[in-house]
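# my questions concern the predicted model and sequence given below.
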Amino acid sequence: MSETGGETDYGIGEGPGVRWSGVSDKQSYYRLFAGYVFALVATGVATVALAFLAFDIAWDNSGAVIGTALSLKMLAYVMAAPIVTVLLERLPRKAVLITLDLVRAACLLLLVLVTEIWHIYLLVFVFSLASGTFSFVYMAVVPYLLGTEEDYTRSLSRSRIAAELEGPLSPLVAAGLLFVLAPKSAIAVTAAAFILSALLIRAAHLPSSKPADMSPDRLLRRVTRGPALFFSVPLFRAVVALDLAVASAAAMVQVNTVVLVQGMFDLQRDDSALAFGAFGLGSVLAAAVLPLLHKRFRDRSIMLAGLCVLCVGLTLGIVQSSLPGLLLLWAWLGIGVSLALTPAIFLIRRLARPSDLLGLIAAQMSIASACLLVAYALAGWLGAALGMGPTFAILAALCCGATLAFMRLWPIDMARE
């Protein structure tokens with residue numbers, strides 16, 4: 001019996017997904033995976049560098065600019081990327097992935113030249129549309145490179161670990177670059193990672209695309225099936241509440257770090273880089289101890305502990321007024337984000353049927369992005385309109401409300417783990 005009391009028999013199945021061939025092209029898979037990792041980290045670094053660039057252009061209004069830009073990024077992930085992915089199904093997959101990498105590199109190089117705020121919005125949206133589409137196409141290609149379900153399951157673990165580590169590692173890498181380079185120079189250097197990703201993909205042998213039914217009904221069904229499946233399972237609905245709580249904390253860090261350090265505290269760029277690094281370090285430390293925690297505690301207990309850490313941290317942020325305190329707070333929030341979010345993908349893997357796994361993981365990505373869309377906008381515009389103290393208070397309240405929803409949707413007596 002599953003944790004949902006039989007809920008994993010969803011009743012929305014379409015039969016088995018990939019028919020395993022028994023033969024894996026692991027050399028091509030590892031090249032593709034390496035390109036995916038380079039692009040993933042580069043995307044995270046570019047997001048951090050964007051905050052510095054926005055501050056240089058917008059100064060006091062930079063929080064609102066960053067919040068809007070990152071909301072556009074999430075809008076591209078949630079709305080546009082799934083549709084574009086389906087529309088590109090007829091095209092050669094290798095050409096699509098390489099083109100998307102080159103588009104992202106071009107966007108970053110053009111971002112170095114921006115002088116107006118609307119330039120940032122446009123380039124961030126195009127960059128994010130390419131990034132979201134790349135992720136979906138990557139997930140669609142991998143099953144055809146791996147000939148057994150065991151190999152595919154391992155690949156999902158690697159991809160998820162890479163995605164989880166991108167969160168903490170990107171601020172650390174960005175901090176290192178920004179200690180020695182100006183934001184525009186760091187963005188230009190980051191563009192090289194997408195060129196490297198394109199070269200790795202070019203060296204891989206990818207399967208050809210197959211003709212797809214592009215009727216409006218089929219397109220709508222392809223885009224909406226994963227989220228519909230996700231919301232049909234009670235425990236997955238609890239993960240949605242968790243995503244919203246995590247987004248509240250992550251948005252405060254991504255949007256307002258530079259505003260706090262260089263705006264309120266009147267410190268330098270290196271101090272902002274140090275603050276991003278503290279958040280990343282906290283996430284890495286929590287990720288390092290998670291295997292030990294999994295041996296002693298249930299997923300729900302670990303997730304709930306992480307959510308409580310986030311609620312306390314955002315509440316303490318209301319009285320934050322110095323860099324040392326902010327460094328400790330950001331490290332604390334990094335620990336909470338990692339503890340809360342990392343076990344979610346393993347919960348999905350444990351409950352999902354093999355034929356539904358890809359759709360459910362994609363749905364989790366889209367739902368998490370939708371939560372970030374809301375949180376980025378709140379963190380940016382509330383910070384600009386009300387100041388940092390009230391913004392911390394409002395996001396703390398949102399995080400606490402989402403935590404209570406998580407506890408209600410996943411009561412402690414629901415099932416064994």
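Cool, the structure landed. Residues are numbered from 1 along each chain as shown.
# going forward, measure contacts and count neighbours with C-alpha atoms only.
OK.
# so which elements touch the helix or strand where K295 lies?
Secondary structure assignment for K295, by DSSP states H and E: helix 269-296. Packing contacts for helix 269-296, counted by 3 or more C-alpha pairs under 8 Å, 6 or more residues apart in numbering; DSSP states H and E, involve helix 149-180, helix 234-258, helix 323-351.
# in JSON lines: those, plus mean pLDDT.
Below are the helices and strands packed on helix 269-296 laid out as JSON lines (pLDDT from 0 to 100):
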{"stretch": "helix 149-180", "mean pLDDT": "72"}
{"stretch": "helix 234-258", "mean pLDDT": "92"}
{"stretch": "helix 323-351", "mean pLDDT": "86"}
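# give me the number of residues near the closest residue to S155 other than its chain neighbours?
Closest residue to S155 apart from its sequence neighbours, by C-alpha to C-alpha, 6 or more residues apart in numbering: V142 at 7.9 Å. Using other C-alpha atoms under 10 Å, V142 has 21 neighbouring residues.
# closest one to M74 among the helices and strands packed on helix 269-296?
When the helices and strands packed on helix 269-296 are ranked by proximity to M74, the top entry is helix 234-258, at 11.4 Å, counting by C-alpha to C-alpha.
# elements contacting that closest one?
Helix 234-258 packs on helix 26-58, helix 62-75, helix 216-231, helix 269-296, helix 299-316, helix 323-351, helix 357-386, helix 388-409, going by 3+ C-alpha pairs under 8 Å, 6+ apart.
# which of the ones you listed sits closest to A186?
helix 26-58 (7.0 Å).
# name the residues of that closest one that are buried.
Within helix 26-58, the residues that qualify as buried are 28-55, counting by 16 or more other C-alpha atoms under 10 Å.
# and that helix with helix 234-258, angle?
Helix 26-58 and helix 234-258 are oriented at 50 degrees to each other (axes from the mean of the first three to the mean of the last three C-alpha atoms, to 10 degrees).
# quick one: list the elements packing against helix 26-58.
By 3+ C-alpha pairs under 8 Å, 6+ apart, helix 26-58 packs against helix 62-75, helix 117-145, helix 149-180, helix 183-202, helix 234-258.
# which elements pack onto the second one?
Going back to what we said before, that points to helix 117-145. By 3+ C-alpha pairs under 8 Å, 6+ apart, helix 117-145 packs against helix 26-58, helix 62-75, helix 81-87, helix 93-111, helix 149-180.
# doesn't L70 make contact with I120?
No - assessed by C-alpha atoms under 8 Å, I120 is found out of contact with L70, at 10.3 Å.
# now the closest residue to V240 other than its chain neighbours: how far from S232?
Nearest residue to V240, sequence neighbours excluded (C-alpha to C-alpha, 6+ apart): I367, at 6.9 Å. In this view, I367 and S232 are 14 Å apart by C-alpha to C-alpha, to the nearest Å.
# now do the contacts for the nearest residue to D243 once chain neighbours are set aside.
Nearest non-adjacent residue to D243, counting by C-alpha to C-alpha, 6+ apart: A368, 5.4 Å away. Applying C-alpha atoms under 8 Å, 6 or more residues apart in numbering, we find A368 in contact with V240, D243, L244, A247.
# do the same with S170
V41, A42, G44, V45, V48, G280.
# how far away is the first one from A204?
From V41 over to A204 the distance is 20 Å, taken as C-alpha to C-alpha.
# and stretch 315-333, which residues are buried?
Across stretch 315-333, burial judged by 16+ other C-alpha under 10 Å covers 315-318, 320, 323, 326-333.
# give the contact list for A51.
S62, I66, Q254, V255, V258.
# distance to V189 added to the helices and strands packed on helix 117-145, as a markdown table?
Compiled in a markdown table, the helices and strands packed on helix 117-145 are given as follows (distance: least, C-alpha to C-alpha, whole Å):
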| stretch | distance to V189 |
| --- | --- |
| helix 26-58 | 9 |
| helix 62-75 | 21 |
| helix 81-87 | 25 |
| helix 93-111 | 9 |
| helix 149-180 | 9 |
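# between those helices, which one is nearest to L373?
Closest among those, using C-alpha to C-alpha: helix 62-75, at 4.4 Å.
# now that closest one: mean pLDDT?
The pLDDT scores in helix 62-75 average 86.
# show me what that helix is packed against.
Using 3+ C-alpha pairs under 8 Å, 6+ apart: helix 62-75 touches helix 26-58, helix 117-145, helix 234-258, helix 357-386.
# looking at those, which is nearest to L181?
Of all the helices and strands packed on helix 62-75, helix 26-58 comes closest under C-alpha to C-alpha, at 10.5 Å.
# between the closest one and helix 183-202, how big is the angle?
160 degrees.
# any idea which of the helices and strands packed on helix 269-296 is most buried?
helix 234-258 (a mean of 25; mean count of other C-alpha atoms under 10 Å).
# and the angle for it with helix 323-351?
Going by the same axes, to 10 degrees, helix 234-258 makes 160 degrees with helix 323-351.
# and helix 234-258, how far out from the chain middle?
Here helix 234-258 is found 10 Å from its chain centre; the criterion is C-alpha atoms, centre = their mean, to the nearest Å.
# may I have the secondary structure class of L206?
coil (DSSP: H, G, I helix; E, B strand; the rest coil).
# mind checking how far it is from I57?
From L206 to I57 the distance is 42 Å (C-alpha to C-alpha).
# which of the helices and strands packed on helix 234-258 sits closest to V114?
That would be helix 26-58 among the helices and strands packed on helix 234-258, by C-alpha to C-alpha, at 9.1 Å.
# shaky segments in the stretch 301-417 of the chain?
Counting by pLDDT under 70, the stretch 301-417 of the chain has low-confidence residues at 345-346, 349, 352-359, 413-417.
# so how far is R350 from M303?
Distance of M303 to R350, computed by C-alpha to C-alpha: 16 Å.
# returning to that earlier point: and the helices and strands packed on helix 117-145: which comes nearest L398?
Going by C-alpha to C-alpha, the one of the helices and strands packed on helix 117-145 nearest L398 is helix 62-75, 16.8 Å.
# tell me who's in contact with the residue nearest to S155.
For V142, counting by C-alpha under 8 Å, 6+ apart, the contacting residues are Y29, Y152, S155.
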